[in-house]
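**Student:** For reference, the sequence and a predicted model appear below.
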Amino acid sequence: MRVYNFSAGPAMLPLAALEAARSELTDWQGSGSSVMEVSHRGKAFVACAAETEALLRELMGVPENYKVLFLQGGASGQFDAIPLNLAAPGDPADFLNTGQWSAKAIKAAKAQGLAVSVLADEAASHYTTTPAERSFSVNPAAAYLHYTPNETIGGVEFGYVPDAGGVPLVADMSSTILSRPVDVSRYGLIYAGAQKNMGPSGLCVVIVRDDLIGNARPGTPSIWDYKAMADADSMLNTPPTFGIYLLGKILAWVKENGGLAGMAERNRAKADALYGFIDASDYYSNPVAKDSRSWMNVPFLQARPELDKAFVTEAEAAGLTALAGHRSVGGMRASIYNAMPLEGVQALIDFMTDFERRNG
């Protein structure tokens with residue numbers, strides 16, 4: 001039985017994409033082999049990777065003067081790779097800190113020798129807020145401005161794209177990419193781990209403007225040197241072939257379901273339904289400021305926190321899995337990425353209603 005999987009990642013993936021992959025898992029394109037068994041340098045897989053990139057470019061509207069890279073090491077690897085490619089030791093770099101993933105990126109940039117300035121730090125609110133638009137000033141000499149549009153752990157999301165002026169804007173879109181339309185031209189670099197909206201773990205997508213590559217520091221590992229990887233079409237080493245293949249299947253599903261505009265409509269409806277229920281309840285609450293609530297990750301608390309374990313256990317028995325909040329936050333969290341249907345959110349609301357009736 002397929003459950004409604006509310007995991008923050010690796011996360012629920014579109015059933016249609018999984019079934020398409022299953023149908024050709026042992027015999028891909030009549031080769032008699034799985035896509036996981038063929039050479040990444042063979043014509044068939046090179047074409048597969050090119051098709052995946054072309055579809056991503058189409059759906060996201062990636063301009064021609066940007067490279068799309070399929071890399072390994074996840075988003076965490078990019079915390080180090082970005083300063084290695086975009087800045088020299090001692091260069092200034094600006095950051096917005098809205099949660100644990102922002103904080104990790106800041107820590108890595110400092111370790112790489114950058115002169116880090118945190119322009120806005122939401123730690124005082126326990127990461128339940130985002131900085132007001134135009135409440136911070138970007139250093140025009142900064143190598144880049146980094147932010148995390150959506151913080152998976154705290155369920156905090158920016159309602160705007162920060163104005164970086166002439167400084168390259170860098171965004172960790174791991175938990176928000178493909179969830180709605182995005183103007184790629186406003187960014188110098190976008191990076192995202194795949195395991196939320198794009199596929200299995202092990203693949204990281206980097207979309208980087210041409211003028212930001214070619215300046216990697218001496219000693220930068222070749223697999224994190226953007227120019228080296230771009231020149232090799234992301235195949236300087238053996239890439240995560242199955243992740244690239246499955247990303248193509250998921251992108252096809254996104255296109256068939258209205259593209260990013262269709263995803264936005266779908267995701268807004270789910271978020272509105274769940275937040276609407278929580279706000280109307282006297283038993284449940286959401287700790288995030290209303291102007292900073294995430295479409296993708298919805299944390300919630302109950303009036304009797306001693307029943308958190310019972311809630312999670314009973315929900316799992318009802319086919320609603322992975323609802324425990326992050327260990328650093330507690331409570332519950334429902335991650336409702338692209339693949340989660342509205343029916344899954346309604347099933348959660350129905351369960352929450354019944355749990356409140358029995359325990360409120």
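**Tutor:** Now that the structure is in, tell me what you want to look at.

**Student:** only C-alpha atoms for contact and neighbour calcs from this point on.
**Tutor:** Will do.

**Student:** Looks to me like residue 250 is in a helix.
**Tutor:** Yes - the assignment for residue 250 (DSSP: H, G, I helix; E, B strand; the rest coil) places it in a helix.

**Student:** so residue 321 bridges to which residues?
**Tutor:** For residue 321, the beta-bridge partners are residue 5 (DSSP bridges).

**Student:** List the residues that contact it.
**Tutor:** 3-7, 312, 315 (C-alpha atoms under 8 Å, 6 or more residues apart in numbering).

**Student:** How about the contacts made by residue 165?
**Tutor:** Contacts of residue 165 (C-alpha under 8 Å, 6+ apart): 138, 140.

**Student:** Which strand or helix spans it?
**Tutor:** Here residue 165 is covered by no helix or strand, with elements defined by DSSP states H and E.

**Student:** Can I get stretch 4-12 in CSV, CA atoms only?
**Tutor:** Output in CSV follows, covering the C-alpha atoms of stretch 4-12 (Å, rounded to 0.1, in the frame of the first residue of the first chain):
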residue,chain,number,x,y,z
TYR,A,4,1.1,9.5,2.2
ASN,A,5,4.7,10.3,3.0
PHE,A,6,5.2,13.6,4.7
SER,A,7,9.0,13.2,5.0
ALA,A,8,11.1,16.4,4.6
GLY,A,9,13.6,14.4,2.4
PRO,A,10,14.2,12.0,0.9
ALA,A,11,10.6,12.7,0.1
MET,A,12,7.6,11.4,-1.7
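
**Student:** what does that stretch contact?
**Tutor:** 152, 195-197, 200-201, 297, 319-323, 333-337, 339-340, 344.

**Student:** Just the ones in strands from the residues you listed, please.
**Tutor:** Among these, the ones falling in strands (DSSP state E) are 297, 320-321, 333-335.

**Student:** Same list (the residues you listed) but as TSV, adding pLDDT and distance to residue 76.
**Tutor:** Formatted as TSV, the ones in strands among the contacts of stretch 4-12 follow (pLDDT from 0 to 100; distance: C-alpha to C-alpha, whole Å):
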residue	pLDDT	distance to residue 76
297	98	19
320	98	29
321	98	26
333	98	22
334	98	23
335	98	20
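
**Student:** what's the domain layout of the protein?
**Tutor:** 15-256, 258-359 (automatic domain parsing).

**Student:** Now do the end-to-end distance for the first one.
**Tutor:** Translated: domain 15-256. 13 Å (C-alpha to C-alpha, to the nearest Å).

**Student:** Equivalent analysis for stretch 321-340, please.
**Tutor:** 12 Å.

**Student:** what kind of secondary structure is residue 160 in?
**Tutor:** Quick answer, by three-state DSSP: residue 160 is coil.

**Student:** Sweet, I'm off.
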